[in-house]
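[1] curious how this folds, go ahead:
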Amino acid sequence: MDKKFRNRALLLLLLAGILAFFLIRASGHQPVAKISAMQPIRENIVSSISTNGKVEPISPTVIRAQSDTFVDRLHISEGQNVRKGQLLVELNVKEASAQLAQAKSRLLRAEDDFRAARAGGRADEAAKVSGDLAKATADRDRLQKNHDSLERLLAQGAATQDELATNDLALLKAQSEVTRLTVVRQEFARQAGIDSSRGSLSVEQAQSDVAVLEDKVRQGRIYAPADGTVYSMPVRAGDFVKTGDLLLEMADLHKVRVRVFIDEPEMGALEVGLPVRITWDALPVRVWQGTTETVPKQVVARGSRSVGEMLCSVQNEKLELLPNTNVNVLIRSKERSDVVTVPRGAVQSEADQKFVFLVRQSVGKSTLEKRLIQVGIADAISYEVIKGLNVGDVVALPGDVDLKDGMNVRVVNMQVETGKGG
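    Numbering: from 1, shown residues only. All right, here's what the predicted structure looks like:
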């Protein structure tokens, strides 16, 4: 009896199991996944770009050595504010000063020679040439008169032929001397003209030499061309510098610019006039405000990044931002007010489309529905939803379960999103 009862009980249990299996299968029940969810909200959203940049002066003055020399004295130090006309650096220009004295002496001689040549030659030489010619002419004229007198006397028998011949020989020599001295005076005048042209060139050359050397001597004393801050000065007193070596850099640092490096995928959101927030790790409590002035024109390699470079103007009233310092940059690229938003984590991508999983409620169960959405701008937390979702919809959040279209779920944690406000 016991054996029959036991067999019957086992048979009933088997039949009950089989019946339960078919009932479950027929009803379509499957294990229900437990998920978290949230509802889209309306809020203000700001899209921003966080990156890095480097501070630059806007109108720097770069002063370089104009010759090979030594640095004699420095009258200022790096980081010092200076006024226009203030003496900054003295260079050794002793050699240039000596050369300038010699050049000025040559200029005086050249000017004296030029004046003499322009006046027809030096006065003493001109007077000698003219005097010799005048004396020779007077001697010739006297001998010519004697010739005429002797010819009359010879006709009257009061003079001899030898006296006339002797006078004529002297007259011939006198005429030759007059001819020679006339040529000498003409050559003197011609040479004076040549010397005048050469003298003009010599004066110009000497004046040019003096001007160049005066400039070198002036460059030995370097003055501030404007008010500003000396932010770079790589030389020290006693250093030898070559032509073109950097002596100092200065600028008005009350307004600087920041060269910002924007990663290529974020360049499309940039435009002129966007607000910029600058921070510097060396002064973590300070914030500087700026504005974008240019947008990138090309992409360049910067280390492992592909970036576009843009410039931002920044107010620096306290002169705290120094050129060449590395800073943090936050650009507010776009802003939307009172728009529907959804957490970035709830949005998935497929090809060029974005979608979320809605939680659809029906009698006794909740099911996921894949919903394509159109997004706008984004911040670090949320996407703006332009199309596909409304406030009040329930959106599944990612977790330990792979979400799929049509999946049965049970919401065990409804998260509440708080708007960011205006």
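[2] what residue in the protein is the furthest from its centre?
    residue 157 (108.8 Å; Cα atoms, centre = their mean).
[3] tell me the pLDDT of that residue.
    Confidence at residue 157, expressed as pLDDT, is 80.
[4] what do you get for residue 17?
    pLDDT, read off for residue 17, is 65.
[5] swap in residue 287?
    So, for residue 287, pLDDT stands at 94.
[6] kindly report the same for residue 22.
    57.
[7] give me the distance between the residue farthest from the centre of the chain and residue 167.
    With distances taken as Cβ to Cβ, to the nearest Å, residue 157 is found 17 Å from residue 167. (C-beta placed from N, C-alpha, C; glycine too.)
[8] please apply the same query to residue 387.
    On the measure of Cβ to Cβ, residue 387 and residue 167 end up 135 Å apart.
[9] more neighbours: which of those two?
    residue 167 (21 against 10; other Cβ atoms under 10 Å).
[10] OK, contacts around that one?
    Going by Cβ atoms under 8 Å, 6 or more residues apart in numbering, residue 167 touches 143, 146, 147, 150.
[11] identify the residues contacting the nearest residue to the first one once chain neighbours are set aside.
    Spelled out, it's residue 143. The spatial neighbour of residue 143 that comes closest, neighbours along the chain excluded (Cβ to Cβ, 6 or more residues apart in numbering), is residue 171 at 3.9 Å. Residue 171 sits next to 140, 143, 144, 146, 147 when contact means Cβ under 8 Å, 6+ apart.
[12] could you redo the last one with a cut-off of 7 Å?
    Contact analysis of residue 171 by Cβ atoms under 7 Å, 6 or more residues apart in numbering lists 140, 143, 144, 147.
[13] just the pLDDT for residue 127.
    Residue 127 is given a pLDDT of 67.
[14] oh, I was asking about residue 73
    92.
[15] pretty sure it sits in a strand.
    Yes: assessed by DSSP: H, G, I helix; E, B strand; the rest coil, residue 73 belongs to a strand.
[16] what about the helices in the chain?
    2-27, 94-118, 123-156, 161-219 (DSSP state H).
[17] tell me how many other residues crowd residue 374.
    By other Cβ under 10 Å, neighbour count at residue 374 equals 13.
[18] do you know how far the residue nearest to it when sequence neighbours are not counted is from residue 375?
    Closest residue in space to residue 374, ignoring its immediate chain neighbours: residue 387 at 4.0 Å, by Cβ to Cβ, 6+ apart. To residue 375, residue 387 is 9 Å away according to Cβ to Cβ.
[19] would you confirm that residue 334 contacts residue 271?
    No: under the criterion of Cβ atoms under 7 Å, residue 334 makes no contact with residue 271, lying 9.3 Å away.
[20] and those two? Which one has more around it.
    Comparing residue 334 with residue 271 by other Cβ under 10 Å, the one with more neighbours is residue 334, at 16 against 11.
[21] could you check how far the more buried one is from residue 277?
    From residue 334 to residue 277 the distance is 15 Å (Cβ to Cβ).
[22] next one: residue 228
    26 Å.
[23] ok, these two, which is more surrounded?
    Set residue 228 next to residue 277 and count neighbours by other Cβ under 10 Å: residue 228 wins out with 22 against 16.
[24] brilliant, that's me finished.
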